[in-house]
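**Student:** Here is a sequence with its predicted model. Questions after.
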Amino acid sequence: EVQLVESGGGLVQAGGSLRLSCVASGFTFDDYTIGWFRQAPGKAREGVSCVSSDGRIFYVDSVKGRFTISRDNAKNTVYLQMNSLKPEDTAIYYCAAADGTTWYPIVEYYDSWGQGTQVTVSS
């Protein structure tokens with residue numbers, strides 16, 4: 001059974017940092033692209049970042065320079081280090097898996113999802 005479990009969310013003041021983790025099981029982790037997505041209340045789910053099976057990394061413009069994605073294949077884990085957080089980063093953050101040749105965090109490309117972790121940034 002494919003499972004993705006996010007953790008690390010919480011409440012932080014603007015300018016603060018959080019590190020999200022996504023632990024995967026039930027599939028050959030090394031062969032898959034893992035993406036991070038977020039969904040704010042009343043808004044559509046949007047891609048944030050992804051790292052492909054060969055290490056290619058993509059960030060959406062709104063998080064470039066503030067967020068860093070990394071993967072540890074030995075631990076079947078992908079991290080999202082989030083610095084300089086802003087109130088507009090407030091959302092539920094999800095990780096998801098896609099074919100390893102996927103280079104972009106486009107929702108429709110991903111078919112296995114975690115349950116999400118809440119990130120709230122206060123002003």
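**Tutor:** Okay, I see it. Numbering: from 1, shown residues only.
**Student:** What pLDDT does the model give the nearest residue to Gly15 once chain neighbours are set aside?
**Tutor:** Using C-beta to C-beta, 6 or more residues apart in numbering and skipping the chain neighbours, the partner closest in space to Gly15 is Ser84 (6.1 Å). For every residue, glycine as well, the C-beta is placed using N, CA and C. pLDDT, Ser84: 98.
**Student:** mind checking how far Ser84 is from Leu11?
**Tutor:** 16 Å (C-beta to C-beta, to the nearest Å).
**Student:** Name whatever forms a beta bridge with the residue most central in space within the chain.
**Tutor:** Centroid-nearest residue in the chain, with C-alpha atoms, centre = their mean: Trp36, separated by 2.1 Å. As for beta bridges, Trp36 partners with Ser49, Cys95 under DSSP bridges.
**Student:** do you know how far it is from Gly116?
**Tutor:** Relative to Gly116, and taking C-beta to C-beta, Trp36 is found at 11 Å.
**Student:** list residues touching both of these two?
**Tutor:** Listed as contacting both Trp36 and Gly116 by C-beta atoms under 8 Å, 6 or more residues apart in numbering are 93-94.
**Student:** number of nearby residues for Glu46?
**Tutor:** 15 (other C-beta atoms under 10 Å).
**Student:** From Val2, how far out is it?
**Tutor:** Distance from Glu46 to Val2, by C-beta to C-beta: 22 Å.
**Student:** ditto for Met82
**Tutor:** Relative to Val2, Met82 is positioned 25 Å away (C-beta to C-beta).
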